[in-house]
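Visitor: sequence and predicted structure are below.
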Amino acid sequence: MPAFRAEVEERFRDLRDRIVARLEELEGGARFRRTPWERPGGGGGEMSELRGELFEKGGCNFSAVHGPSFPAAPPGAVPAAHGDDVRPPRPEELAGKAFFATGVSLVMHPRNPFVPVVHLNVRYLEAGDVAWFGGGTDLTPFSAFPEDTAHFHGVLQQACGKDRYERFSQWAREYFFLPHRNSERGVGGVFFDYLRGPEHRDFVQRVGEAFLPAYVPLVERRRGTPWTEADRAAQLRWRGRYVEFNLLYDRGTLFGLKSGGNVEAIFMSLPPLVAW
């Protein structure tokens, strides 16, 4: 599906550009530093990293990679409750098949402890004759405000529709979970994977488009909130859970490393300072 692949790739690149532009407006001074990279096995991407006063560290990366054999990344369990439109590929559909993967991955770590960490990923993959979309977004405040959580989820519900929001917000609660701490890493969002076929393109686009209206009002509302050194210490400890999840469980991290992606871009999601 070369034409469809090219269209999705361009949509993701445009989404990245618009998100970066709006976040730079919020930051007001520093700009994202863009660093192109090439994957030795085929394809590449562009890492966009921000270090500022509002956002202590943040990144919004784009990639489009391909190769002769699908990476041996461990598949995730998919309970049947997530719906008939979710169809994980069988091992024989992936083994030894040429692959293509493109997507946008974003994580922002604000300096003010009361501005929440946010994550977004939208992606499209092909392996042989099988193709699917996946993605998700979630909010990780160290101190949650109910009205902020309600706003974030309300925008996602509007973007997803009632049925998919109910299924995929439940999936997010299961996925963004730290079993060793018996705790979610934040206040949730949506997560989905293995949506097979081109008919899911517009849904994934809506999820990506929902990021700015879901997150920007929270930044504007909380960026001036006074904070103490005790708040900062608590924020750094909470970031430890974010690191634990991304290094131990995150599918995007595992796929990126298995597929020979850019290590610096993959670890862009980690905060600049953290404590345990």
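Guide: Alright, I've got the coordinates.
Visitor: what is the neighbour count of the closest residue to residue 33 other than its chain neighbours?
Guide: Of all residues not flanking residue 33 in the chain, residue 49 sits nearest, at 5.4 Å (Cβ to Cβ, 6 or more residues apart in numbering). In this view, the C-beta of every residue, glycine as well, is placed from N, C-alpha and C. Residues near residue 49, counting by other Cβ atoms under 10 Å, number 16.
Visitor: need phi/psi at residue 49.
Guide: The phi and psi values for residue 49, taken as degrees, to the nearest 10, are phi -120, psi 140.
Visitor: quick one: contacts for it?
Guide: Contacts for residue 49 (Cβ atoms under 8 Å, 6 or more residues apart in numbering) come out as 32, 33, 35, 57, 58, 59, 268.
Visitor: how far is whichever strand or helix holds residue 237 from where the chain is centred?
Guide: Per DSSP states H and E: residue 237 is located in helix 229-248. Relative to its parent chain, helix 229-248 has a centroid offset of 18 Å by Cα atoms, centre = their mean, to the nearest Å.
Visitor: pLDDT (mean, whole number) over the next helix or strand after that helix?
Guide: Next along the chain after helix 229-248, taking DSSP H and E as the criterion, comes helix 251-258. Per-residue pLDDT over helix 251-258 has a mean of 76.
Visitor: now stretch 103-112
Guide: Here the average pLDDT along stretch 103-112 is 97.
Visitor: run the chain-centre distance for that stretch.
Guide: Taking the mean of its C-alpha atoms, stretch 103-112 sits 8 Å from the chain's own mean (Cα atoms, centre = their mean).
Visitor: got it, and stretch 236-250?
Guide: Worked out by Cα atoms, centre = their mean, stretch 236-250 lies 14 Å from the chain centre.
Visitor: one more: stretch 98-117?
Guide: 5 Å.
Visitor: give the buried residues for it.
Guide: 99-117 (16 or more other Cβ atoms under 10 Å).
Visitor: for stretch 202-214, same thing?
Guide: By 16+ other Cβ under 10 Å, the buried positions in stretch 202-214 come out as 203, 204, 205, 206, 207, 208, 209, 210, 211, 212, 214.
Visitor: ok, residue 252 to residue 31 distance?
Guide: Using Cβ to Cβ, to the nearest Å, residue 252 is found at 25 Å from residue 31.
Visitor: name the residue in these two with the higher neighbour count.
Guide: residue 252 (20 against 14).
Visitor: residue contacts, that one?
Guide: So residue 252 contacts 103, 105, 121, 123, 266 (Cβ under 8 Å, 6+ apart).
Visitor: related to what we said a few turns ago, now for the helix holding residue 237, which elements pack on it?
Guide: For helix 229-248, the packing partners by 3 or more Cβ pairs under 8 Å, 6 or more residues apart in numbering; DSSP states H and E come out as strand 177-178.
Visitor: now with 10 Å, please.
Guide: Here helix 229-248 touches strand 99-110, strand 117-127, strand 130-140, strand 177-178, strand 183-184, helix 251-258, going by 3 or more Cβ pairs under 10 Å, 6 or more residues apart in numbering; DSSP states H and E.
Visitor: next, the buried residues of that helix.
Guide: 231, 232, 234, 235, 236, 238, 239, 241, 242, 244, 245, 246.
Visitor: so it versus strand 117-127, what angle?
Guide: Relative orientation of helix 229-248 and strand 117-127, computed by axes from the mean of the first three to the mean of the last three Cα atoms, to 10 degrees: 10 degrees.
Visitor: output helix 229-248 as PDB, restricted to C-alpha atoms.
Guide: Extracted C-alpha coordinates of helix 229-248, given in PDB (Å, rounded to 0.1, in the frame of the first residue of the first chain):
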ATOM      1  CA  GLU A 229      10.600  22.800  47.200                       C
ATOM      2  CA  ALA A 230       8.500  20.100  48.900                       C
ATOM      3  CA  ASP A 231       6.200  20.100  45.800                       C
ATOM      4  CA  ARG A 232       9.300  19.800  43.500                       C
ATOM      5  CA  ALA A 233      10.700  16.900  45.500                       C
ATOM      6  CA  ALA A 234       7.300  15.100  45.300                       C
ATOM      7  CA  GLN A 235       7.300  15.700  41.500                       C
ATOM      8  CA  LEU A 236      10.700  14.200  41.100                       C
ATOM      9  CA  ARG A 237       9.700  11.100  43.000                       C
ATOM     10  CA  TRP A 238       6.600  10.700  40.900                       C
ATOM     11  CA  ARG A 239       8.700  11.000  37.800                       C
ATOM     12  CA  GLY A 240      10.400   7.800  39.000                       C
ATOM     13  CA  ARG A 241       7.200   5.900  38.200                       C
ATOM     14  CA  TYR A 242       7.200   7.400  34.700                       C
ATOM     15  CA  VAL A 243      10.800   6.100  34.100                       C
ATOM     16  CA  GLU A 244       9.900   2.700  35.500                       C
ATOM     17  CA  PHE A 245       7.000   2.300  33.100                       C
ATOM     18  CA  ASN A 246       8.800   3.500  30.000                       C
ATOM     19  CA  LEU A 247      11.900   1.300  30.600                       C
ATOM     20  CA  LEU A 248      10.000  -1.900  31.700                       C
END
